[in-house]
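Asker: Predicted model and sequence follow; I will ask about them next.
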Amino acid sequence: MLDRKSEPQFKAISSIKLIKPECQKLQNGIDLYFIDASEADLVRVEFIFPNVDWNAAQPLAIGATNSMLNEGTPHYTASQLADKIDFYGAFFQHEAGFDHSSVTLYSLNKHLKSTLPIIKEIITEACFPEQELSTYIQNSKQKLKVNQQKNDFLARKKFNQVLFGDNSYYGYNVQAEDYDKLTREELLAVRAKQYTAGNCIIIISGKVKAEERQLIAELFGNDDWLSDEKLVVSKPVLEPSSTLVNFVERPDALQSAIRLGKPLFNKSHPDFQAMQVLNTVFGGYFGSRLMSNIREDKGYTYGIGSAIVSLKEAGYFFVATEVGAEVCSNALTEIYKEIDILKNILIPDEELSLVRNYMLGSFLGSLENAFSHADKFKGILLYGLDYDYYENFFETVKTVTPQHLQQLANKYLADNFLEVVVGKK
């Protein structure tokens, strides 16, 4: 019988076991990675396409193409596609990020033979009907108009702009008129260049047997969706602003949005994992120093946090919060004070031990099924890394010293922070 009078025995995490995928190269050169690790009759098939040919003249073409893939093909309208996917109890997802776009299918194994051809048609034959494009443009402009009334949205966009510059898809600040530049011909051109076999990686996870792999190979392993065009994968031109303090005044604002940070590096850098530990201490979880000081002690905000973001061609560190307009300057002072403490005072062993346990426990908690193991694999594949990355992460979290973290704080969190405030200061 469970003894509820005694707390559970503490047990340190000694190792992390990840399920590694197998790889099958299809006849047309596509790498098919698969993780067979589920008893449930469910699979997730993810098609990943590196973004190609971004340019400031058509800044929204890549994202709009991805968003509208399921808005119609020569054989089916958008509603017919949705009905067919729903009929089989399947789920379709599409996402456009800075560096990659993806199309994902969740399907019962027994219906995969019926659902995969629908996805093939969506990827290779999406036709972007004019009426649907007009609706997309109208809705997107309205959504942008609403978001531009939100201080946190404006701060995030302005921060990316000053961090990376307007000539990069990392930093480009979208305007309503950019949506008016979208044309059906442009979206068809993006689809023809980007959504091809020569620019595709497939990751399938769940209950994956020979039958599922064979279905993928038969539908997506042939040459009928290869392209003769030379692929030019987008690479950003990074031009950080020389203006460190950026203030966007909104006289009627009751709250001010703060976002500050600086360029850093991505997860391929040897210091990335130790910096993750430092960031967690600083502002990466609910018990962090930023939360303890600015939320719990000062009461300036409902929430504040910091993060290290890894992109394909860059990385950055940032702090984000919204505070009462009357305490904005005080909040900024406290943020910089906490950074100075990291640089000048060693992190106590007890606090660091708590952070170690939190980080390792969170990592373990994120490995709940085959799909999450596939996500972990994707997180290294797209950066050209291998599973040593996770072994190093585990070892770094367990062994990094307060002295080393202090050195990193002085090296990477020195002066010259880019600061954005939207509201009143």
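Answerer: Arrived safely.
Asker: List the contacts of the closest residue to L81 other than its chain neighbours.
Answerer: Distance criterion C-beta to C-beta, 6 or more residues apart in numbering; nearest residue to L81, sequence neighbours excluded, is N70 at 5.4 Å. No exception for glycine: its C-beta is placed from N, CA and C like everyone else's. Contacts for N70 (C-beta atoms under 8 Å, 6 or more residues apart in numbering) come out as 78, 81-82, 92, 94, 122, 126.
Asker: for the closest residue to N160 other than its chain neighbours, what are its contacts?
Answerer: Of all residues not flanking N160 in the chain, G171 sits nearest, at 4.9 Å (C-beta to C-beta, 6+ apart). G171 is in contact with 160-165, 236, 238-239, counting by C-beta under 8 Å, 6+ apart.
Asker: What does G171 show for phi and psi?
Answerer: phi -110, psi -10 (degrees, to the nearest 10).
Asker: isn't E22 right next to D31, touching?
Answerer: No: using C-beta atoms under 8 Å, E22 is not in contact with D31, being 10.9 Å away.
Asker: Between these two, which has more neighbouring residues?
Answerer: D31 (14 against 11; other C-beta atoms under 10 Å).
Asker: could you pull out the helices for the stretch 151-300 of the chain?
Answerer: 151-164, 176-180, 184-194, 210-220, 272-283, 289-290 (DSSP state H, counting those that start in this stretch).
Asker: one step back: would you list the buried entries among the contacts of N70?
Answerer: Listed as buried from these are 78, 81, 92, 94, 122, 126; burial here means 16 or more other C-beta atoms under 10 Å.
Asker: Leaving out sequence neighbours, find the closest residue to I48.
Answerer: What sits nearest to I48 in space, not counting adjacent residues and going by C-beta to C-beta, 6+ apart, is I201, at 4.5 Å.
Asker: quick one: the residue nearest to N160 from P240, how far?
Answerer: 9 Å (C-beta to C-beta, to the nearest Å).
Asker: joint contacts of the two?
Answerer: Residues touching both G171 and P240 (C-beta under 8 Å, 6+ apart) are 162-165.
Asker: Name the spans of the chain whose pLDDT lies under the cut-off.
Answerer: Residue ranges of the chain with pLDDT under 70: 1-2, 10, 230.
Asker: so where do the strands sit in it?
Answerer: 22-25, 31-36, 42-50, 91-96, 100-108, 201-206, 245-249, 255-263, 304-310, 315-324, 418-423 (DSSP state E).
Asker: Let's have the ones you listed in JSON lines, adding distance to I339.
Answerer: Listed next are these as JSON lines, based on distance: least, C-beta to C-beta, whole Å:
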{"stretch": "strand 22-25", "distance to I339": "43"}
{"stretch": "strand 31-36", "distance to I339": "40"}
{"stretch": "strand 42-50", "distance to I339": "35"}
{"stretch": "strand 91-96", "distance to I339": "33"}
{"stretch": "strand 100-108", "distance to I339": "32"}
{"stretch": "strand 201-206", "distance to I339": "38"}
{"stretch": "strand 245-249", "distance to I339": "16"}
{"stretch": "strand 255-263", "distance to I339": "10"}
{"stretch": "strand 304-310", "distance to I339": "10"}
{"stretch": "strand 315-324", "distance to I339": "9"}
{"stretch": "strand 418-423", "distance to I339": "12"}
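Asker: Out of these, flag the one nearest Y358.
Answerer: The closest of those to Y358 is strand 304-310. By C-beta to C-beta, the value is 13.8 Å.
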